[in-house]
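Novice: Model the following, please.
(chains A and B)
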2 protein chains.
Amino acid sequence: MSKQRRSRRQFLKSSITTAAGMAWVAGRGSPAGAQTAAAPAAPARAARLKFAAIGLNHGHIGGQVDSVKRGGGQLVSFYAKEPDLADAFAKRYPEAKRARSEQEILEDPEIKLVVSASIPDERAPLGIQVMKHGKDFMVDKPGMTTLDQLAQARRVQAETKRIYSILYSERLENRATVKAGELVKAGAIGRVIQTIGMGPHRMTPKTRPAWFFEKEHYGGILTDIASHQFDQFLFFTGSNQAEIVASQVGNVAHPQWPGLEDFGDVMLHGNG
Amino acid sequence: MSKQRRSRRQFLKSSITTAAGMAWVAGRGSPAGAQTAAAPAAPARAARLKFAAIGLNHGHIGGQVDSVKRGGGQLVSFYAKEPDLADAFAKRYPEAKRARSEQEILEDPEIKLVVSASIPDERAPLGIQVMKHGKDFMVDKPGMTTLDQLAQARRVQAETKRIYSILYSERLENRATVKAGELVKAGAIGRVIQTIGMGPHRMTPKTRPAWFFEKEHYGGILTDIASHQFDQFLFFTGSNQAEIVASQVGNVAHPQWPGLEDFGDVMLHGNG
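Specialist: Below you'll find the predicted structure:
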């Protein structure tokens, strides 16, 4: 492992740890999971890595950018194909240059990391391009929407040795979950043999673009919402693998959106 | 349907309804589910049905007897093959005659109903005998331990037209659950599409007889403990049928009791 490689891993690791402790900052924006606890602000670290944002379709992008900045990231540029999303982002982060294309960012040798909250089915193709351009990738959950995308991302990750990380805000940016993890690690409740996660989600259909209701774009309710609970299950039970014993999904009450799953239920078996 | 038949059904129905409202009385004894709320005592109804108890192996028998008495039942006799259990029951219910055998109770034409909290795998065989002797049966949960027992009990029930009922105390003797049922029925939360039931159970191995740890006797954790949650799922979702999508059971931490399942997890799909 090269020195550069190790320092990049170290960077991501410390960014995420810091983000977890400072969830309240992201909580001022929109992620519901981050609003449960407040903590005093920590000063941002000295800039030690330049990064950019591509794909601003989900409000989580704010939490992602803020957490990397707190860890010492310097936001240098951004790109979104939607002018309104780019305008709003420019207002919030005036220090960042508005790029004319994805390519401009991908080809900028100074940028070491790209963060993204693009439409879920566009995340893996973007992340693969990012890695192929020698940069690391940190994406909103779900990190991808199909098993085929997962296989491709894994293959390119192995080839390029870049990092493809997913910011699970309900574990890493929520102080209650962070504390729960510390208690588990300290042995406070013994061995964790089960977790039960509930993910009720606001509909707010008036403010959501169409892709939120189209399964091929958002990935279905278990891929989208329950990815948080999968992550927590793995984390708390000390598993690095899990199989899906069974799942059921349905559209119970929203026939006007045939692509929407408004209910899902899944049972896992881990190796922890 | 004969008049006698209808009045028996009415009786059981009103007994159970009354029991639900008066859970606190049972709660003084042992059932944990009944201890969550208190209510003023209602006077017992005038005796209008004679009943007996056979099989006193689980402490739930007290809640069963008390609920039938509150509904107007007159406890006339009881039988247990274990002298210590019979002694304790005699002390609590001095009005009841100690029978010399099951048969003595089964053949008593005055007795219309038998209640039982025998060892779970002995419940269906007893209930079948009770029905064959022209009496109704009200049993602690689980009502039986195998699908074969269920099929036999159904067949004899159809032949004899007697009642085989199960007292699910966590729904019928818990005021919070009764209130929740009323709220659901009143439309307070719309259509119920999912319930999540958790059934942590005390181990107290020192005070439990061996059969509690032997799967062939207690039926396994899902048959035994989760039967409450199955019942609540059916009740709250308005289902009269459910299929088991998947389940997993295990003995995670008690190798000294190889017949014990100390963890279980099950997913249902109903028709409500």
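Novice: Name the SS class of the residue of the stretch 101-250 of chain A at minimum distance from chain B, please.
Specialist: Of all residues in the stretch 101-250 of chain A, the one sitting closest to chain B is A:A246 (3.2 Å; CB to the nearest CB). C-betas here are computed from N, CA, C, even on glycine. Assigned by DSSP: H, G, I helix; E, B strand; the rest coil, the conformation of A:A246 is strand.
Novice: give me the number of residues near it?
Specialist: Using other CB atoms under 10 Å in any protein chain shown, A:A246 is surrounded by 17 other residues.
Novice: Just give the nearest non-adjacent residue to it, would you?
Specialist: Spatial nearest neighbour of A:A246, excluding adjacent residues (CB to CB, 6 or more residues apart in numbering or on different chains): B:A246 at 3.2 Å.
Novice: from the middle of its chain, how far away would stretch A:233-251 be?
Specialist: Here stretch A:233-251 is found 18 Å from its chain centre; the criterion is CA atoms, centre = their mean, to the nearest Å.
Novice: what's it in contact with?
Specialist: Outside stretch A:233-251, the residues that touch it by CB atoms under 8 Å, 6 or more residues apart in numbering or on different chains are A:171, A:180-181, A:184, A:192-195, A:197, A:220-222, A:230, A:257-258, A:260-272, B:245-246, B:248, B:267, B:269.
Novice: ranges for the helices of the stretch 101-250 of chain A?
Specialist: Here the stretch 101-250 of chain A has its helices, by DSSP state H, counting those that start in this stretch, at A:102-106, A:123-132, A:147-160, A:169-172, A:175-185, A:215-218, A:221-224, A:227-237.
Novice: The longest one vs helix A:123-132, what angle?
Specialist: With axes from the mean of the first three to the mean of the last three CA atoms, to 10 degrees as the basis, helix A:147-160 and helix A:123-132 are set at 10 degrees to each other.
Novice: Close to chain B: what parts of the stretch 151-272 of chain A are there?
Specialist: Counting by CB under 8 Å from any CB of the partner chain, the stretch 151-272 of chain A comes close to chain B at A:191, A:193-194, A:196, A:198, A:245-246, A:248, A:252-253, A:263, A:265, A:267, A:269.
Novice: Retrieve the pLDDT associated with A:R45.
Specialist: A:R45 is assigned 66 on the pLDDT scale.
Novice: ok, the closest residue to A:A180 other than its chain neighbours to B:M267 distance?
Specialist: Distance criterion CB to CB, 6+ apart; nearest residue to A:A180, sequence neighbours excluded, is A:F236 at 7.4 Å. The spacing between A:F236 and B:M267, counted by CB to CB, to the nearest Å, is 20 Å.
Novice: A:R175 too?
Specialist: With distances taken as CB to CB, A:R175 is found 31 Å from B:M267.
Novice: do the same with A:G63
Specialist: Taken as CB to CB, the span from A:G63 to B:M267 is 32 Å.
Novice: and the two? which has more neighbours close in?
Specialist: More neighbours surround A:G63 than the other of A:G63 and B:M267, with 28 against 17 (other CB under 10 Å).
Novice: Run a quick check on the more buried one versus A:L172, I expect a contact.
Specialist: No. Between A:G63 and A:L172 there is no contact under CB atoms under 8 Å: 9.6 Å.
Novice: sorry, back to before: which among the contacts of stretch A:233-251 end up buried?
Specialist: The neighbour-count test (16 or more other CB atoms under 10 Å in any protein chain shown) marks A:171, A:180-181, A:184, A:192, A:195, A:197, A:220-222, A:230, A:257, A:260-262, A:264-270, B:246, B:248, B:267, B:269 as buried among these.
Novice: Please read off the pLDDT at the spatially most central residue of chain A from the model.
Specialist: Centroid-nearest residue in chain A, with CA atoms, centre = their mean: A:D140, separated by 2.3 Å. Here the pLDDT value assigned to A:D140 is 97.
Novice: try A:A41
Specialist: Listed pLDDT for A:A41 reads 54.
Novice: coming back round to it: who does the residue nearest to A:A246 bridge with?
Specialist: B:M267 (DSSP bridges).
Novice: One more: A:A52?
Specialist: Beta-bridge partners, per DSSP bridges, of A:A52: A:S77, A:V114.
Novice: on that earlier part again, for B:R155, find the nearest of the helices of the stretch 101-250 of chain A.
Specialist: When the helices of the stretch 101-250 of chain A are compared for distance to B:R155 using CB to CB, the nearest one is helix A:221-224, at 41.3 Å.
Novice: mind giving me the domain split of chain A?
Specialist: As given by automatic domain parsing, the domain ranges for chain A are A:47-167, A:180-270.
Novice: A:A47 touches A:G71, doesn't it?
Specialist: No. Contact between A:A47 and A:G71 fails when scored by CB under 8 Å: they sit 10.2 Å apart.
Novice: neighbour count winner among those two?
Specialist: Neighbour tally, A:A47 and A:G71, criterion other CB under 10 Å: the higher count belongs to A:G71, 22 against 13.
Novice: State the pLDDT value of that one.
Specialist: Looking at A:G71, the pLDDT reads 92.
Novice: Any figure for the gap between it and B:G250?
Specialist: Relative to B:G250, A:G71 is positioned 40 Å away (CB to CB).
Novice: Could you do A:Y218 as well?
Specialist: 34 Å.
Novice: Compare the two (neighbour count), which wins?
Specialist: Each of A:Y218 and B:G250 has its neighbours counted (other CB under 10 Å); A:Y218 has more, 23 against 13.
Novice: show me the contacts for the closest residue to A:F51 other than its chain neighbours.
Specialist: Nearest non-adjacent residue to A:F51, counting by CB to CB, 6+ apart: A:L113, 4.0 Å away. By CB under 8 Å, 6+ apart, A:L113 lies in contact with A:R8, A:L12, A:L49, A:K50, A:F51, A:A52, A:V68, A:G73, A:K135, A:D136, A:F137, A:M138.
Novice: In strands only, show me the residues you listed.
Specialist: Within the contacts of A:L113, residues falling in strands by DSSP state E are A:L49, A:K50, A:F51, A:A52, A:G73, A:D136, A:F137, A:M138.
Novice: Rebuild the residues you listed as CSV, extending it with neighbour count.
Specialist: Output for the ones in strands among the contacts of A:L113, formatted as CSV (neighbours: other CB atoms under 10 Å in any protein chain shown):
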residue, neighbour count
A:L49, 20
A:K50, 16
A:F51, 29
A:A52, 29
A:G73, 26
A:D136, 26
A:F137, 26
A:M138, 26
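Novice: Show me the two of those residues that sit farthest apart.
Specialist: A:K50 and A:F137 (14.6 Å).
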